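output the structure for:
(one chain, ligands or ions: 1)
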Amino acid sequence: MTGKVEHRQALIKHVADLEEQEVLALVKDRLQNGEDPLAIIEDCQEGMRQVGLRYEAQQYYLSGLIMAGEIFREVMELAQPVIEELYSGNESGRILLGTAQGDIHDIGKNNLSMLLRCYGFTVFDLGVDVPPAQFLETALQIKPSIIGLSGLLTSSYDAMRETIKLLRNAPDPIIASAIIIVGGSQITEDVCNYVGADYWVTDAMQGVRLCQKLRQ
Ligand code: B12
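This next block holds a predicted model:
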């Protein structure tokens, strides 16, 4: 029987190697053994990070990124029902989410959105490639207390910055003072400062905990 650490390393490696069947078999196995689905997702996220590095090193092409996205989607199909059963809460806040203009990465944002809903938050998800004006328009309509922008491309930071500038100058004081969080695997403190957000996060559960804390 393989130990837990080896299980985790094996899953990371299978994702990084784009071995779809092996990934799905191991995920099913670990879920059946009662392992925390969020730990399983964390391992897949690390595998995805390694796929990205191989793409940067030109060991993989765009098709590798597409395949990785597909594998992650299938993992989520297996993990989501278990997450929904295990994680719940009675939060009442409204959260507006979207991926910044020019960026179509949505796996992480969808993951966050699902977890926030599990905890009881009302989530309005604008999808991907969201223009700054659309963030503002929706924010004015639904008056969220927290606004989350996702972005994985360096080139999306300017769109984030423009969106946040627009929100901070909103004609409605509730929106102008709404808490803004940016998230994505490449986000750092420097990016957070550059785009003018209040907080930054690189993990969905960390994002949920932050939203819970900010709602208190
Ligand atoms: C899969 C993938 C794709 C898929 C995306 C599929 C989809 N539906 O999302 C596809 C094939 C479409 C794709 C396309 C491209 N990609 Co891509 N992609 C990736 C990859 C391998 C994984 C991303 C991912 O899903 N990770 C798993 C999720 C779960 O993690 P996550 O996104 O970080 O989200 C977590 C947290 O960050 C957080 N979170 C995320 N958002 C938010 C928001 C808030 C508010 C909060 C609180 C938290 C939060 O919660 C999540 C769960 O824990 C990354 C590598 C990497 N390091 O991330 C490259 C990567 C992001 N891609 C990259 C590139 C270059 C591209 C392309 C330009 C390639 C090309 N030549 O066309 C295009 C761009 C398309 C576009 N306009 O957006 C680069 C970006 C480099 C850069 N610095 O700009 C990366 C980093 C790869 C690399 N190392 O070179 N990609």
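
which strands and helices sit next to the longest helix along the chain?
Counting by DSSP state H, the longest helix found in the chain is helix 62-86. Contact here means 3 or more C-beta pairs under 8 Å, 6 or more residues apart in numbering; DSSP states H and E; on that basis helix 62-86 packs against helix 4-16, helix 20-32, helix 37-56, helix 107-118. For every residue, glycine as well, the C-beta is placed using N, CA and C.

for the shortest one, name the packing helices and strands.
Contact partners of helix 107-118 among helices and strands, from 3+ C-beta pairs under 8 Å, 6+ apart: helix 37-56, helix 62-86, strand 94-99, strand 122-125, strand 146-150, strand 179-183, helix 204-215.

interface residues of the chain facing the ligand?
With C-beta under 6 Å from any ligand atom as the criterion, the chain meets the ligand at residues 45, 48-49, 51-53, 55-56, 62, 65-66, 68-69, 72, 102-109, 111-112, 148, 150, 152-154, 181, 183-186, 201-204, 207.

who touches Asp125 in this structure?
Going by C-beta atoms under 8 Å, 6 or more residues apart in numbering, Asp125 touches 97-98, 109-110, 113.

now a PyMOL select for only the buried ones of those residues.
What follows is the PyMOL syntax selecting those of these that are buried according to 16 or more other C-beta atoms under 10 Å:
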select buried, resi 97+98+109+110+113
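
which of the contacts of Asp125 sits closest to the ligand?
Closest approach to the ligand among the contacts of Asp125 (C-beta to the nearest ligand atom): Lys109, at 4.7 Å.

the spatially closest residue to the closest one that is not a sequence neighbour: what's it in contact with?
Spatially, and ignoring its direct neighbours in sequence, Lys109 is nearest to Ser150 (4.0 Å; C-beta to C-beta, 6 or more residues apart in numbering). Counting by C-beta under 8 Å, 6+ apart, Ser150 touches 97-100, 103, 105-106, 108-109, 112, 182-184.

just the buried ones from those residues?
97-100, 103, 105-106, 108-109, 112, 182-184.
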